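Undergrad: Below are the sequence and a predicted model for it; my questions follow.
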Amino acid sequence: MDDINFACTTCGQCCHDLRLPLTIAEAIDWLKRGGQLEFLCEAIPWPVEPEPNNAQAAYKRARSSAAMSGTLPVRVSIILTAAFAGACPNLRADMLCGIYDERPLVCRIYPAEINPFVPLVPKNKACPPEAWQTKPLQQQGVLVDATTCQLVRQSRLANQSEAPLRMRICRELGLDHAALANEGFVIHTPDREPLLAALEQCCASPLPDDESAQWTFVSNRPTTMETLASVGAIGCPDQSTADKTFRYRGFFPSSLGNGQMSVDKR
C-alpha cells in the first residue's frame, strides 16, 4: 500500500510485550522511573569502506561504531531498549499513556518506520483496522505527515550522534559480545545502578573513541563461526543458557547439535 491513512484509536494494543529503542536521555528517564533496560548488540564485518553511493551501507555506518574482532575490522550496532513483558509500565488502566508528554520518540513515530529501507506495512502493526482510515500518513510510499517526518529525522539524528556514546557505555560496563548482523542479537541486561551511573557519566564527560576495542561474535551456527574465524574474527558458540552475562537471540535454527532454535524465551 503506497497511500496509507492513519489516526490513533488509543486502543493500547501497541503498548505490550516490547523492546522500545530509546535515546540516551530517554534511557536515563526510563531507569529513573524504575524500568529495565537491555542492550541489543550486533556487528558486521567491515574490512573495507563501501562505495560512496551505497545508501544502505551509509545508513548502517552512521548508526554504528568502528571496532575490531581479532584482526577483522567491524562495525558494532548497539540499541538501547526498554524491555517489558505484558503491558508497558506506563500504560494506564484506561489504555492511555501515563507519560504521554514525555513518551519516547519511537512511540510518537509509531506506526511509521524509522529505517528508510523498511516499508510501512499496516498488517504488521498492532493497530486495529479502523485506525487506517482517516488522516493521511503516507502517499506514494512517502511520509506526508509533517509531525511524523520531523520526529523521524530527530530519531535518525539521535541514533547517529549517540552511536559513539553507546559504544563507550558498553566499554565502561564490560559489554563486548555481539551477534552477526542479520543472524541475531546478543542481549545484555546490566544492573540498573551501574548502568545509570555509566549513562550519566558518559553524557557528562565522554570517553575518547577507541576503534581498537575488541568484540566477540556469538552464534548458534558452526558454519558462521568457521567463516568468521577464517577472516581473523573472534567468536564463541551460543552460551546464553550457561553465561548469564548475556543472552543470544538467533533468527535461525541452531545447528549446534540439539536441533533447536536458540532464542530468548523471556
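TA: Arrived safely.
Undergrad: Now do the helix or strand harbouring residue 229: everything it contacts.
TA: Using DSSP states H and E, residue 229 maps to helix 222-230. Applying Cβ atoms under 8 Å, 6 or more residues apart in numbering, the contact partners of helix 222-230 are 45, 69, 72, 180, 183, 217, 219, 234-237, 255-256. Using the backbone N, CA and C atoms, a C-beta is placed for each residue, glycine as well.
Undergrad: okay, now the residue lying closest to residue 201 once chain neighbours are set aside: neighbour count?
TA: Closest residue in space to residue 201, ignoring its immediate chain neighbours: residue 172 at 7.1 Å, by Cβ to Cβ, 6 or more residues apart in numbering. Residues near residue 172, counting by other Cβ atoms under 10 Å, number 17.
Undergrad: Buried by neighbour count: which residues of the longest helix that the chain contains qualify?
TA: Criterion DSSP state H: the longest helix present in the chain is helix 146-161. Residues of helix 146-161 classed as buried: 148, 151-152, 155-156, 158-159 (neighbour count, 16 or more other Cβ atoms under 10 Å).
Undergrad: closest to residue 115 among these?
TA: Nearest to residue 115 out of the buried residues of helix 146-161 is residue 156 (Cβ to Cβ; 8.8 Å).
Undergrad: Work out the gap between stretch 35-51 and the centre of the chain.
TA: Here stretch 35-51 is found 9 Å from its chain centre; the criterion is Cα atoms, centre = their mean, to the nearest Å.
Undergrad: Quick check: the residue sitting nearest the centre point of the chain vs residue 162, distance?
TA: The residue lying closest to the centre of the chain (Cα atoms, centre = their mean) is residue 79, at 3.4 Å. Look at residue 79 and residue 162: by Cβ to Cβ, to the nearest Å, they are 11 Å apart.
Undergrad: quick one: residue 46 and residue 69 touch, right?
TA: No. Assessed by Cβ atoms under 8 Å, residue 46 is found out of contact with residue 69, at 10.0 Å.
Undergrad: Please say which of the two ends up with more neighbours.
TA: Remark: of residue 46 and residue 69, residue 69 carries more neighbours, 23 against 19, as counted by other Cβ under 10 Å.
Undergrad: Excluding covalently adjacent residues, which one is nearest to the more buried one?
TA: Residue 69 sits nearest to residue 233 (Cβ to Cβ, 6+ apart), 4.1 Å away.
Undergrad: tell me which element that neighbour falls in.
TA: Counting by DSSP H and E, no helix or strand carries residue 233.
Undergrad: Look up the pLDDT of the spatially most distant residue from the centre of the chain for me, please.
TA: Here the centre of the chain is the reference, and by Cα atoms, centre = their mean the most remote residue is residue 134, at 30.6 Å. In this prediction, residue 134 carries a pLDDT score of 88.
Undergrad: what ranges do the strands span in this structure?
TA: Using DSSP state E, the strands of the chain run over 4-5, 16-21, 37-45, 65-69, 72-87, 136-139, 142-143, 177-180, 184-188, 216-219, 235-237, 247-250.
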